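Participant: Build me a model from this:
(chains A and B)
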Amino acid sequence: MRLTVATWNINSVRLRINLVARFLKEHAPDVLCLQETKCRDAEFPLADFHKLGYSHVVINGQKGYHGVAIASKLPLTDADRRGFCDKGDARHVAVTLTPAAHKPVRLHNFYVPAGGDEPDPLINPKFAHKLAFLDELVAWMSADGVANTDAIMVGDLNIAPLEADVWSHKALLRVVSHTPIEVEKLGLVLRAGPWVDAMRRYVPADEKLYTWWSYRARDWAESNRGRRLDHVWVSESLAPRLGGMRVLSESRGWERPSDHVPVLVHLDY
DNA sequence: ATGGTGGTCCTACCA
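Facilitator: Take a look at the predicted model:
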């Protein structure tokens, strides 16, 4: 069998439920991880997911901001919603799924703080929060052995680590999402697993790869000033099962799109 | 170098 996991920062699941429906119908992932759902759990459009065949949904939402969810065709167990930095933000949800008669897989879905505009933790509390969040991720991953079993970690990590993850390495060195301190800390998270960067298994490190294009460009495709802010990582134990990856760039051109596009990864069992 | 757009919810705040 083939397990397909997708991740997408939807930028309001209620506003874009029709785009979600289109994506699920056209690409039929087994599991979809969403970020920036921007609604309380009671306001989540659960019935739409059920109608589309995603009868297992685990939500961690809050009013107006952040919010993550996992919708699945396969049963989900052991749901966990971890708070980071004692902020009460809804930025993480984890579940366990079991691909037909195989070993269970732990799946973590993250929305890492964006970090504001000024890349100085001393004058920008949002950037300080982002760095503290990453520090806490490293400590937790090491202590709990998060990637010691079959595990997948996806989400909007709000960091573009490689030079080819941004349209201009030089222009973005002092722009939050690509500053050296964030890139270094994301590297510590990756190595704390240790995790495998599944997307870069399919696209060479020096080849441009983006999952986000700003709303502020006149023409996102023409200017193509993108960044790879969304990621799929797998535990080393699962790396041999990787069976393909796709970035659905075309969805950035759909009507009233999210500024992020879905990433799909296949695992063969 | 600047400001550009779009989300929530109603006044700024966040991305």
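Participant: of all the residues in chain A, which ones are close to DNA strand B?
Facilitator: Contact residues, chain A versus DNA strand B (Cβ under 7 Å from any atom of the strand): A:11-12, A:14-15, A:38-39, A:63-65, A:113-116, A:126, A:158, A:214-216, A:256. Any C-beta I mention is one placed from the backbone N, CA and C, and that applies to glycine too.
Participant: rerun that using 6 Å as the cut-off
Facilitator: Residues of chain A found near DNA strand B (Cβ under 6 Å from any atom of the strand) are A:11-12, A:14-15, A:38, A:63-65, A:113-114, A:116, A:126, A:215-216, A:256.
Participant: Identify the farthest-apart pair in the residues you listed.
Facilitator: Largest separation among the residues of chain A next to DNA strand B by Cβ to Cβ: A:126 and A:256, giving 26.9 Å.
Participant: between these two, who's got more neighbours?
Facilitator: Legend: neighbour count by other Cβ atoms under 10 Å for residue A:126 and residue A:256, higher for residue A:126 (14 against 9).
Participant: OK, contacts around residue A:134?
Facilitator: Counting by Cβ atoms under 8 Å, 6 or more residues apart in numbering, residue A:134 makes contact with A:112, A:182, A:185, A:186, A:188, A:189.
Participant: In PyMOL, how would I select the buried members of these?
Facilitator: To isolate the buried members of the contacts of residue A:134 in PyMOL, using 16 or more other Cβ atoms under 10 Å:
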select buried, chain A and resi 112+182+185+186+189
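Participant: for the contacts of residue A:134, which one is nearest DNA strand B?
Facilitator: residue A:112 (9.4 Å; Cβ to the nearest atom of the strand).
Participant: how distant is stretch A:150-162 from the center of its chain?
Facilitator: Remark: stretch A:150-162 is offset 6 Å from the chain centroid, using Cα atoms, centre = their mean, to the nearest Å.
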